[in-house]
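> Here is the input, now give the coordinates:
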Amino acid sequence: MNDVSAPVIQASALVKRYDEGGGNVEVLRGLDLRMEAGETLSIVGTSGSGKSTLLNLLGGLDRPTEGVVSVCGQDLAGMTEAQRGVLRNRRMGFIYQFHHLLPEFTALENVAMPLLIRQASPSDATTAATDMLKAVGLSHRLQHKPAALSGGERQRVAIARALVTRPAIVLADEPTGNLDERTAVQVQDLMLALNRQFQTALLIVTHDTGFATRCAHQLELHDGRLQPFSGAPVSAIS
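Numbering: from 1, shown residues only. Here you go, the predicted model:
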């Protein structure tokens, strides 16, 4: 059972090592993180700093070498893969740099999919997906397949899919990294507006410092640890 008083996500003493060439490479070094309902947090860092690794650990897609990750009070380490899958479906949403929409399905069908997976009725799933696509400004594109949508529209569908289950938290990995500057700003505006509307916590990992500073809280992943973000361009971080 979920603990409504617990943080939506918490990581304690998180360590991740990989065995490469007979030696251990430590990507994350005793990292702590905590987010409450409705918060927005950005984590910036250079390419290869471990941002995506961290997101995979927080989402239960990978296991830490050491440390604990809990989502809404539930320890991921104490769950089976099937249980983690259910938790992800019910409490978490994911947005990636590439939309990962299913090409053979319409925008409406793509957004309804997470609800159908949790065995919602087709009519309820369709209604909820329609409402969410309206919320992201795509009421006129319900029956279009991804190939018929622009890059910005595809990312809006991906955002709708992440939010349709009304998750406690959305984890976003470079969500505007594949968009032109104008479209990226529009998608950023949308994500932050929906955060305010639905009070879904939003954790964004990005190299886009402009986007990062739009979040209420900013951290920098450097040398395997989180530290306050200075606001300097990531490329200038030594």
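
> ok, A147 touching L102?
No - using C-beta atoms under 8 Å, A147 is not in contact with L102; the gap is 11.4 Å. The way it works is simple: take the backbone N, C-alpha and C, and place the C-beta from them, glycine included.

> So which of those two has more stuff around it?
L102 (13 against 9; other C-beta atoms under 10 Å).

> For the more buried one, identify the helix or strand it belongs to.
Following DSSP states H and E, one finds L102 outside all helices and strands.

> tell me the contacts of the nearest residue to it once chain neighbours are set aside?
The shortest distance from L102 to any residue other than its chain neighbours is 5.7 Å, reached at N110 (C-beta to C-beta, 6 or more residues apart in numbering). N110 makes contact with 101-102, 146, 157, 161 under the criterion C-beta atoms under 8 Å, 6 or more residues apart in numbering.

> is the spatially most central residue of the chain in a bridge, and if so with what?
The centroid of the chain falls nearest to L171 when counting by C-alpha atoms, centre = their mean (1.5 Å). For L171, the beta-bridge partners are F94, L203 (DSSP bridges).

> Quick check: it touching N56?
No - using C-beta under 8 Å, L171 is not in contact with N56, being 9.1 Å away.

> who's in contact with the residue nearest to the centre of the chain?
Contacts for L171 were tallied using C-beta under 8 Å, 6+ apart; they are 55, 58-59, 92-95, 203.

> May I see those arranged in a markdown table, with neighbour count as well?
Listed next are the contacts of L171 as a markdown table, based on neighbours: other C-beta atoms under 10 Å:
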| residue | neighbour count |
| --- | --- |
| L55 | 21 |
| L58 | 25 |
| G59 | 22 |
| M92 | 24 |
| G93 | 25 |
| F94 | 20 |
| I95 | 23 |
| L203 | 25 |
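
> Between all of these, which two are separated the most?
L58 and I95 (13.6 Å; C-beta to C-beta).

> for this protein, which spans come out with low pLDDT?
Scanning the chain for pLDDT under 70 picks out the ranges 1-4, 22, 231-238.
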